[in-house]
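Novice: turn this into a structure:
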Amino acid sequence: MADLFDTGDVPTQGGHRPLADRLRPATLADVIGQEKVLGPEGALTTMLASGTLSSLIFWGPPGVGKTTIARLLADETELHFVQISAIFSGVPELRKVFEAAKMRRANGQGTLLFVDEIHRFNKAQQDGFLPHMEDGTILLVGATTENPSFELNAAVLSRAQVMVLERLSLAELEMLAQRAEKELGRALPLDGPAREALLEMADGDGRALLNLVEQVSGWTVEGRLDTKALGARLSRRAAQYDKSGDAHYNLISALHKSVRGSDPDAALYWFARMLEGGEDPRYLARRITRMAVEDIGLADPQAQAICLQSWETYERLGSPEGELALAQALTYLALAPKSNAAYVAYKGARKAAKETGSKPPPKHILNAPTKMMKEQGYGAGYAYDHDAEDGFSGQNYFPDGMERPALYAPVERGFERELKKRLAYFAKLRAQREG
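Specialist: Model prediction:
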């Protein structure tokens, strides 16, 4: 079982009823999808079975059933269902809702308050829910398309359980399409590939699929339409992408990890997904350069230069030609040898600096521009490395009394293989000098 769609509004009275409204599930068992929440072992199923339903935050993309499930929860628990939207409601509206809920409670009935787009309420408005949640006046069910850990107050999150609702799979969308065809009393005039293309157009959104099905079912056509004919009549809906929201961070994470995983095809795919979503190529240029510094490092010293050159090329050419330069740099990074040894060494150096931050450098590597400083021993005993036969003095450059840390550990990949040999060579010479 699991979710169907999320219509949000009260069913239309009289006249034409949209297909999404006509197919609204009557029970939680009728819902398509969301097995992790509504399945036999689902979190919500367990809560209902034990009679311990708490306030909830439904987090998921549009059209996966947030409003529908909230309505059905009210039916299952015999709570009065009240729905508000954070877009259209303010403090006066909230005050009226809370007062009505108090009166209801005094008469022996609880209230399930469903707040759509709850992340749009500011901190003060979110705090206003707390006393009414705590004294049992309302059972809050919030819905959000944004990451609750970024958008909701910690106090609200501590009093509610977050449940993640997922995009409907193609199989679940097919089940929904079949249910729609049964309701309409006719099959869609599409061949197999065109039908699959229609499901893809919905992009995991059940409500969007039902709107598409209703549109296609109204066409008068001879035989069945193929994919090309369907595409000529319908436009693919824009992919969900918020340049400042959760999708933004998810996709840049996927892009970065694809490069780190040496998969140029996946890297180019996520790069294209972000561009299609309207991402600023300059942001991508900056992140690509960061990947060269963080994940390729000294295993391929020219990787960083290639990224900077591609960034400069984009600035000179602009879109769309300049984006090809970024794509080439991305491909190069994905196939380059990887090393974060310098990154790890840098973090280790910062940690050591915090722990030993007051220790002065040893006097032999300090300059002595004045007579008094020379008398204090500044520069005394300094060995000029160029005077050594092999250009290496082996002196200590860490503070006196500080144990020498081993921070940089090159890997056996790319150019760092050569650096590892040099490091070992100098370590051998240092041990000879100390001996």
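Novice: where does the most centrally placed residue in the chain land in three-state SS?
Specialist: The centroid of the chain falls nearest to Asn250 when counting by C-alpha atoms, centre = their mean (2.7 Å). Using DSSP: H, G, I helix; E, B strand; the rest coil, the structure places Asn250 in helix.
Novice: quick check: phi and psi on Ala101?
Specialist: For Ala101, the backbone dihedrals (degrees, to the nearest 10) come out as phi -60, psi -40.
Novice: show me the contacts for it.
Specialist: Taking C-beta atoms under 8 Å, 6 or more residues apart in numbering, we find Ala101 in contact with 80, 82, 111, 113, 132, 137-138. Heads up, the C-betas are built off the backbone N, CA and C, glycines and all.
Novice: domains of the protein?
Specialist: 19-164, 187-233, 246-335, 361-434 (automatic domain parsing).
Novice: want to throw the ones you listed into a markdown table with mean pLDDT and distance to Ala353?
Specialist: Shown next, in a markdown table, are the domains of the chain (pLDDT from 0 to 100; distance: least, C-beta to C-beta, whole Å):
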| stretch | mean pLDDT | distance to Ala353 |
| --- | --- | --- |
| domain 19-164 | 91 | 31 |
| domain 187-233 | 90 | 48 |
| domain 246-335 | 93 | 20 |
| domain 361-434 | 90 | 11 |
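Novice: got CSV for these, with distance to Glu172 too?
Specialist: What follows is the domains of the chain, written out as CSV (distance: least, C-beta to C-beta, whole Å):
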stretch, distance to Glu172
domain 19-164, 4
domain 187-233, 8
domain 246-335, 21
domain 361-434, 44
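Novice: ok, back up a step: and the contacts of Ala101, which two are the farthest apart?
Specialist: Taking C-beta to C-beta as the measure, the contacts of Ala101 span a maximum distance of 14.0 Å, between His80 and His132.
Novice: pick out whichever of those two has more residues nearby.
Specialist: Shown here are His80 and His132; by other C-beta atoms under 10 Å, His132 has more neighbours (20 against 15).
Novice: which strands and helices sit next to the helix or strand containing that one?
Specialist: If you go by DSSP states H and E, His132 is part of helix 130-134. Applying 3 or more C-beta pairs under 8 Å, 6 or more residues apart in numbering; DSSP states H and E, one finds that helix 130-134 makes contact with helix 154-158.
Novice: for the helix it packs on, which positions count as buried?
Specialist: 156-157 (16 or more other C-beta atoms under 10 Å).
Novice: only alpha carbons, please: show that helix as CSV.
Specialist: Output in CSV follows, covering the C-alpha atoms of helix 154-158 (Å, rounded to 0.1, in the frame of the first residue of the first chain):
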residue,chain,number,x,y,z
ALA,A,154,14.5,22.5,16.8
ALA,A,155,11.7,22.9,19.4
VAL,A,156,9.0,21.8,16.8
LEU,A,157,11.2,19.0,15.5
SER,A,158,11.7,17.7,19.1
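Novice: which secondary structure elements does that helix contact?
Specialist: helix 123-127, helix 130-134.
Novice: between the ones you listed, which one is closest to Thr144.
Specialist: Across those, closest to Thr144 is helix 123-127 (C-beta to C-beta), at 11.4 Å.
Novice: tell me how far the helix holding His132 is from the chain's mean position?
Specialist: Distance of helix 130-134 from its chain centroid, counting by C-alpha atoms, centre = their mean, to the nearest Å, is 30 Å.
Novice: next helix or strand past it?
Specialist: Counting by DSSP H and E, the element after helix 130-134 in chain order, helix or strand, is strand 139-144.
Novice: give me the contact list for that next one.
Specialist: Contacts for strand 139-144 (C-beta under 8 Å, 6+ apart): 6, 53-59, 66-67, 70, 73, 77, 79, 110-119, 129, 133, 151-152, 156, 160.
Novice: give me the buried entries from the residues you listed.
Specialist: For the contacts of strand 139-144, buried by 16+ other C-beta under 10 Å: 6, 53, 55-59, 66-67, 70, 73, 79, 110-119, 129, 133, 151-152, 156, 160.
Novice: the stretch 151-300 of the chain: strands as residue ranges?
Specialist: Ranges of strands within the stretch 151-300 of the chain are 161-164, based on DSSP state E, counting those that start in this stretch.
Novice: and the helices in the stretch 251-400 of the chain, which stretches?
Specialist: Remark: helices assigned in the stretch 251-400 of the chain by DSSP state H, counting those that start in this stretch are 264-276, 281-291, 302-317, 321-335, 341-355, 371-375.
Novice: kindly report the same for the stretch 101-250 of the chain.
Specialist: Going by DSSP H, counting those that start in this stretch, the stretch 101-250 of the chain shows helices at 123-127, 130-134, 148-151, 154-158, 170-184, 192-202, 206-217, 227-233, 246-260.
Novice: most tightly surrounded among the ones you listed?
Specialist: helix 206-217 (a mean of 21; mean count of other C-beta atoms under 10 Å).
Novice: and that helix, what other elements does it pack with?
Specialist: Counting by 3+ C-beta pairs under 8 Å, 6+ apart, helix 206-217 packs on helix 19-22, helix 170-184, helix 192-202.
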